[in-house]
Structure formats: structure tokens, C-alpha cells
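[1] structure, please.
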Amino acid sequence: MLGPEWQIINEIRAYVDACGGDYHRWWVGISEQPKARLFGDHRVRESGDRWIFRTARDSNSARAIEKFLIEKLGTDGGPGGGNDLCTAIYAFKKNPHTDPAGPQKRIVVRLQKQIGEVAN
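    Got it, this is the predicted structure:
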């Protein structure tokens, strides 16, 4: 990784550390629209919750940063998502009201329930 990637990693690390550390209590992801992802899909509260995002130079850099934060620092997350326009790396501290998996998981659970109802 290059200098800009390390700068973003260090900024996110400093923020998480200032919020008490515990990397396993944080969710990390990448997005083209980080605020929509945080406050919509993940249900993070803009005021009161702990969250941060930074913009990388391209999606490959964003993915490398995401991978480092998950694999080396132990954050939670779902690497491999997004598209070539996803240059923002975001992180938020998980709370009972947040939804780390986002709407995709809600759709899968709803479909599983429907399939179960049909099978019964």
C-alpha cells in the first residue's frame, strides 16, 4: 500500500481508538455513497453514533484498506462488495439499532420466511 492508503488507515484507527478501541465492535465497508450507506442501509444515527468515512483514490485502494482493517485489525465487515465506483471507506461502531449486514440480509431473511411458509 502507498502513503495515501496508510494515511486513511491511520485516520480511521485514530478515530476508533479515540472512541474506545474494540475493533471487533466496528463494521467496515466501502461505498460509492457512504452517507446513504451509513444512515440509510446500516441505520447509523448521524448524531449520537460513532462513524467515519474517508475517500480513497480509487476502488482498488478502498478495497485494500477495507481488507486491512478487517483482516489485520479485526473489524467486522463484508469484503468483496461494491463496484468500481466505490472509493469511500466507512466504519461505524455497531449498536443494537444499527444493521451491519444492511438491506440484503433483511431481504434474504424475508425470502427464507416466505419459502418456509410455502413448504409448510
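
[2] buried ones in stretch 45-64, by neighbour count?
    Going by neighbour count (16 or more other C-beta atoms under 10 Å), the buried part of stretch 45-64 is 49-54, 56, 59, 61-64. To be clear about C-beta, it is placed using only N, CA and C from the backbone, and glycine gets the same treatment.

[3] what's the answer for stretch 35-46, then?
    37-38, 41-44.

[4] the residues you listed into TSV, with extra columns for pLDDT, secondary structure and distance to L85?
    Listed next are the buried residues of stretch 35-46 as TSV, based on pLDDT from 0 to 100; DSSP: H, G, I helix; E, B strand; the rest coil; distance: C-beta to C-beta, whole Å:
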residue	pLDDT	secondary structure	distance to L85
R37	93	helix	13
L38	96	helix	17
D41	91	helix	16
H42	93	coil	19
R43	94	coil	23
V44	97	coil	21
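
[5] which pair in those has the greatest spatial separation?
    Among these, the pair separated by the greatest distance (C-beta to C-beta) is R37 and R43, at 10.6 Å.

[6] number of nearby residues for K67?
    16 (other C-beta atoms under 10 Å).

[7] helices and strands around the helix or strand where it lies, which ones?
    Here K67 is covered by helix 59-71, with elements defined by DSSP states H and E. Counting contacts by 3 or more C-beta pairs under 8 Å, 6 or more residues apart in numbering; DSSP states H and E, helix 59-71 packs against helix 3-18, strand 26-31, strand 76-77, strand 88-93.

[8] L69 against P79, yeah?
    No - using C-beta atoms under 8 Å as the test, L69 is too far from P79 to be in contact (9.4 Å).

[9] more neighbours, those two?
    Neighbour count, other C-beta under 10 Å: between L69 and P79, L69 has more, with 25 against 14.

[10] list the contacts for the more buried one?
    Contact partners of L69, counting by C-beta atoms under 8 Å, 6 or more residues apart in numbering, are 9, 12, 23, 28, 75, 77, 89, 91.

[11] nothing else from me, thank you.
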